[in-house]
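what shape does this take:
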Amino acid sequence: MKKRILLIFLDGVGLGDDDPAVNPFAIIEAPTLHALANGQRWLRSTGFQRSQRAVFVPTDPNLGVSGRPLSASGQAAILTGRNVPQIIGQHYGPKPNPPIRDLLAEGSFFQQVMDHGGQAALVEGYPPPWHDAIASGKMLPSSYQQAALNAGLRFFDVDDLRAGRAISGDWTGEGWRTQLGYADMPVLSPEEAGRRLVEISRAYDFAFMAHWLTDMIGHRGTIEEAVALLETFDRVMAGVLQHWDDAEGLVIVTSDHGNIEQIGSRRHTTNPVPTLVIGDSAAAFAEDLTDLTGLVPRMGRFLFG
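Okay, here's the model as predicted:
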């Protein structure tokens, strides 16, 4: 069986205090997420955990650089395996500056997969105004989008979403109807979205799904909105687990910095972020993993030997 990786990137998710007033992870009903962390809530006190199907690793996003981790440099570290904040001398974000774009142009894991003759994809579907803004230069791509662009990957669109070749950023597609005006857009249950994500990922050696709403709610939302969002993700992961064969590869869930675990501050945290690794090779993959730069070399060894 050919090995593959599905990486689910949760923007702005850290491991915070057991404080129900500000940390949705302290109060969510999330049986799937808790089971994957050996029955534990996702908190700063959780520590390393190993369950039947997964390994849960608190992971350092600070990378030895003072200040609060930021999206552009953190995402670039995840996808290049390099200590981007240290190289450029600071945490930077939200969008990559010229030094980060230069580092991404030197290579990312998307490019590694393509160079080895594999297939990779950023599997979120984007609406027409987003495509127009990127094409016109009015909007800068994020670091993970820039990495995909550099590797020659195309960005998926509304047709891909309708055809089941892409996933909505809100998982279900409801936002395309209620916020973007696509009344005919199919709406999935969270469990169906998880199953769809696995099905899509099987066309690629490396599939990357970015969920940015966690960061948006962390900055501007309420504790109630954060709880609802994370409980939806729990159901997505239930669908992923139901459909994923642990022998076929790895599902990796990780983040670039903390945020949503401290609702009300509007600032990123310096908390560790969760890295969850699911699959038969999870324990070997996670061994000695300590920070965000460790993902790329391990993914490379897993896929390419």
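
from now on I want contacts and neighbour counts done on CA atoms only, so please keep to that.
Noted.

helix/strand/coil for Ala121?
Put simply, Ala121 is strand when judged by DSSP: H, G, I helix; E, B strand; the rest coil.

pull the contacting residues for it.
Listed by Cα atoms under 8 Å, 6 or more residues apart in numbering, the contact set of Ala121 reads 110, 148, 153-154, 204, 206-208.

which ones among those residues map onto helices?
Here DSSP state H is the test, and the contacts of Ala121 give 110, 148 as lying in helices.

give me the buried subset of the contacts of Ala121.
Burial by neighbour count, 16 or more other Cα atoms under 10 Å: within the contacts of Ala121 this picks out 110, 148, 153, 204, 206-208.

before we move on, the earlier item: just give me the closest of the contacts of Ala121 to Ala37.
Phe208 (21.7 Å; Cα to Cα).

what about the helices in this protein?
31-36, 71-80, 84-88, 98-105, 109-115, 128-136, 143-150, 158-162, 174-178, 190-201, 213-220, 223-243, 282-286, 295-304.

between those helices, which one is closest to Thr270.
Among those, helix 71-80 sits nearest to Thr270 (Cα to Cα), with 11.9 Å.

quick one: the closest one to helix 295-304, angle?
Interaxial angle of helix 71-80 relative to helix 295-304 (axes from the mean of the first three to the mean of the last three Cα atoms, to 10 degrees): 30 degrees.

please compute how far helix 71-80 lies from its chain's middle.
11 Å (Cα atoms, centre = their mean, to the nearest Å).

list of residues touching it?
11-12, 61, 82-85, 91-96, 100, 104, 107-110, 142-144, 147, 256-257, 292-296.

show me what counts as buried in it.
Buried-residue list, helix 71-80, by 16+ other Cα under 10 Å: 71-80.

and for the most centrally placed residue in the chain, nearest residue in space, chain neighbours not counted?
Nearest to the mean C-alpha position of the chain, by Cα atoms, centre = their mean, lies Phe9 at 0.2 Å. Nearest residue to Phe9, sequence neighbours excluded (Cα to Cα, 6 or more residues apart in numbering): Ala210, at 4.7 Å.

how deep is the one you found tucked in, by neighbour count?
Neighbours of Ala210 under the rule other Cα atoms under 10 Å: 21.

check it and give its pLDDT.
As predicted, Ala210 sits at a pLDDT of 98.

I figured it was touching Leu10, is that so?
Yes - the pair Ala210 / Leu10 is scored as a contact, 6.2 Å apart, by Cα atoms under 8 Å.

where does pLDDT dip in the protein?
For the chain, applying pLDDT under 70 flags the ranges 1.

hmm, 90 instead?
In the predicted model, the chain carries pLDDT under 90 at residues 1-2, 264-266, 305.

how much space separates the closest residue to Val227 other than its chain neighbours from Asp18?
Using Cα to Cα, 6+ apart and skipping residues adjacent in sequence, the residue nearest Val227 is Pro24, 5.2 Å away. According to Cα to Cα, to the nearest Å, Pro24 and Asp18 sit 9 Å apart.

settle it for me: which of the two has more neighbours?
Between Pro24 and Asp18, counted using other Cα under 10 Å, the more crowded position is Pro24 (28 against 19).

where's Gln90 relative to Ala147, distance?
Counting by Cα to Cα, the gap from Gln90 to Ala147 is 20 Å.
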